[in-house]
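Visitor: mind folding the following:
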Amino acid sequence: MAKHAPGSKRLTVLALVMASVATAGLALTASGSRPSRLTIVPKSRAITSVSTISGATAPAQPATAVTTGASYDAALAVWRKPREKDSCVSCHGPDFIDLAHIGTTDSDLVRRAISDGASASEAQTLLKAVKDLRFRYLITPRDPRTFRPFQPGGAVLPGASSIERDAAFGDELIQRLPTIGSATPVRTLADAHRARDELLAVDFDTLRIGIPFPLWSADIAHGAHEGTMNDWVADLPRVPRPEFAAAWTGLQDVYLRDPSDFNFWKLYFAVDEMTEGFSAVSPADPADKWKAHDLSLVKYRATLIGQHLFRTQTLRRTGFVQGQTAFSYLATDPAFRIPFAREAVTLRTGDRLDEFLPNPMWEIGDFERRDHAPSLLTAGQPGNINSRDRSHDQLRLLGYPQFVIDSINSTKTVEQAADELRLSWFMIGMRFDPGLLRTHPSNSTKVGEYLHVQLWKGDYFVHRTFTQFLRMVVQSYGTNATVKAPPPFRLKFHYFTAYNRAVPTRWNSDPQNQISPAVKARQLDVYKRLTANMFRMSLLLHEEALDRGVIAPYGATSTQDGDFQPIIDFLNYANLPDRAADDLLVRRVAAKAGRPIG
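Guide: Got it, this is the predicted structure:
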């Protein structure tokens, strides 16, 4: 499914509807139907959300089945039917389970299906099948305008600006991390261990944050704010390569008959080999064609993960994500590790299991940051002059078809579009790998550089603190954070303190000073409290490593450890009570490290 014009969005609706139909078709138990893994659950046992994809719900649909078994087979055929923008499978996945979970209105479903090439009767077949799937599997559909898959806590924290939401996140952390959030300073090693363990126990299914994750499928017909590529469903189709077309459909059939995690990963890893980019990509520089194609690849992989989560919810299953470092079982469980050992898990780098794990969510942000720009051959043309150019013009230079361009807010700048994609997808990626050691071999990824740049631009001070120290703690103490020996707890803060950014003195997102001083003061108060305790925790954990001989004293010449001056700079800035005790702690640890402070 491709991006829609103002009256559509890819074959998405069509595809989604069909996908639900396909899934439901496999679930029928009437005479002549196929056996199904989607066992119907009695209403008394029905659940309306699963933590990993929880969110706002749409009004319940009438509990009336409206289709027959034959309709499911017809709907699956519609779902797979190649059209101008290829099939629904090519943007959504093997079926329309996502349509059943996303409570798109009847009129939207029909409008989008027809605008993407379905007939009126095909659109109605899909619509009826989606409703039937919801009925048969007791699915409570989400509100498509507010539901954000994987959104921590199921909803974004309140606030009209990033500054207000960041302050609200500080309040959330004070409640959820009692040692770190306390007004009483972290002073002892026991305090530091409690603070560390609070971070290791962070549950993204319940901890709300102030950064909105993408909608499943944005639709500009609902307003310019949804004119974006920052959603889950792929913007361009992944088309089956002719020589693999039958095998690709066969993998989908196997998965739909038995939608196990193993069969999902078989499908996931086959995408790169068995599909290719959409042919109707015509960049101004022909050498740029791979850029749109590679972004569609990583985005489609993310879509498949999201759709499989919808399916596991329908099946009332758990275990797909597993733990703080998601998908680590791929590298530890022989049932997965052996069959998939040769599969590359990062885009174009060839990195394989077991050190790295699939994280296409992070890769979406990283690809936009690194490669999603026209070549120098088009320098000086609209879309390749500066970041204030219209996103429309950049996409045109990159060769995106008109149906994608028409789906984007015409006033959105290149910088705005880039920031949207980078921030939300980096945050989703960190949710899947908070230690950032198993996502990409780049050291800049492992230290969180790119995420911190986006958080700093958006004035997410508290979110910066949280992601920085969560990453540090998980890297050294987190289960499955790495397959190598966990690194000792270093006192190195990289881009969190670089350029003096741990000492915020201005707000990038409020150049007109429209946010009230009271809101900013509240944000800074909670930022200072939380950051001070996390710095104290870090000093004590680092001291423990020095005392145990895990880290040898490194002296004044080391550039790999001992960021004592940034801590001192922050403490001078924060000006919190009991500063003398903080100074004693910094001096004590610095002396043990061989870097006495005069």
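
Visitor: any idea of the pLDDT on the residue lying closest to E273 once chain neighbours are set aside?
Guide: Spatial nearest neighbour of E273, chain neighbours left out: F244 (7.0 Å); criterion: CB to CB, 6 or more residues apart in numbering. Quick note: C-beta positions are derived from backbone N, CA and C, even for glycine. Looking at F244, its pLDDT reads 98.

Visitor: how many neighbouring residues does F244 have?
Guide: By other CB atoms under 10 Å, the residues close to F244 number 16.

Visitor: before we move on, what about P401?
Guide: The criterion is other CB under 10 Å. On that basis, P401 has 21 neighbouring residues.

Visitor: distance of it from S391?
Guide: Remark: distance between P401 and S391 (CB to CB, to the nearest Å) = 15 Å.

Visitor: ok, the residue nearest to S391 when sequence neighbours are not counted - contacts?
Guide: Distances taken as CB to CB, 6+ apart put A417 closest to S391, at 4.0 Å, once the chain neighbours are dropped. Contacts were defined as CB atoms under 8 Å, 6 or more residues apart in numbering; by that measure A417 touches T228, M229, N230, S391, Q394, I408.

Visitor: the fifth one - that's part of a strand, no?
Guide: No: according to DSSP: H, G, I helix; E, B strand; the rest coil, Q394 belongs to no strand; its state is helix.

Visitor: for it, which non-adjacent residue is spatially closest?
Guide: Nearest non-adjacent residue to Q394 (CB to CB, 6+ apart): G383, at 4.0 Å.

Visitor: how about the one you found, secondary structure?
Guide: For G383, the secondary structure call by three-state DSSP comes out as coil.

Visitor: so who does R369 touch?
Guide: A418, R422, Y450.

Visitor: now the two most distant members of the contacts of A417.
Guide: N230 and Q394 (14.6 Å; CB to CB).

Visitor: could you check which of these two is surrounded by more residues?
Guide: Applying other CB under 10 Å to N230 and Q394 shows that Q394 carries more neighbours, namely 26 against 21.

Visitor: what distance do you get for the more buried one to P283?
Guide: Taking CB to CB, one finds Q394 at 11 Å from P283.

Visitor: overlap in contacts of the two?
Guide: P374.

Visitor: hey, where'd the strands end up in the chain?
Guide: 239-240, 275-276 (DSSP state E).

Visitor: need those in TSV with distance to L330, can you?
Guide: Formatted as TSV, the strands of the chain follow (distance: least, CB to CB, whole Å):
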stretch	distance to L330
strand 239-240	25
strand 275-276	21
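
Visitor: D205: which of those is closest?
Guide: Ranked by CB to CB, the member of the strands of the chain that lies closest to D205 is strand 275-276, at 31.8 Å.

Visitor: ok, residues contacting the closest one?
Guide: Counting by CB under 8 Å, 6+ apart, S90, R238, V239, P240, R241, F244, W248, H293, L297, Y300 sit against strand 275-276.

Visitor: next one: that strand to chain centre, how far?
Guide: Strand 275-276 has its C-alpha centroid displaced from the chain centroid by 23 Å (CA atoms, centre = their mean, to the nearest Å).

Visitor: kindly report the same for stretch 190-205.
Guide: 22 Å.

Visitor: who's in contact with it?
Guide: Here stretch 190-205 makes contact (CB under 8 Å, 6+ apart) with 51-52, 54, 150, 152-154, 176-180, 186, 324, 431, 434, 469-470, 473-474, 477-478, 533-534, 536-537, 540-541, 544.

Visitor: filter those residues down to the buried ones.
Guide: Buried by 16 or more other CB atoms under 10 Å: 52, 54, 150, 152-154, 176-177, 179-180, 186, 324, 431, 434, 469-470, 473-474, 477-478, 533-534, 536-537, 540-541, 544, out of these.

Visitor: of those, which belong to helices?
Guide: Under the assignment DSSP state H, those contribute 176, 431, 469-470, 473-474, 477, 533-534, 536-537, 540-541, 544 to helices.

Visitor: and the furthest pair within those?
Guide: Applying CB to CB across these, the maximum distance is between R431 and E544, 28.2 Å.
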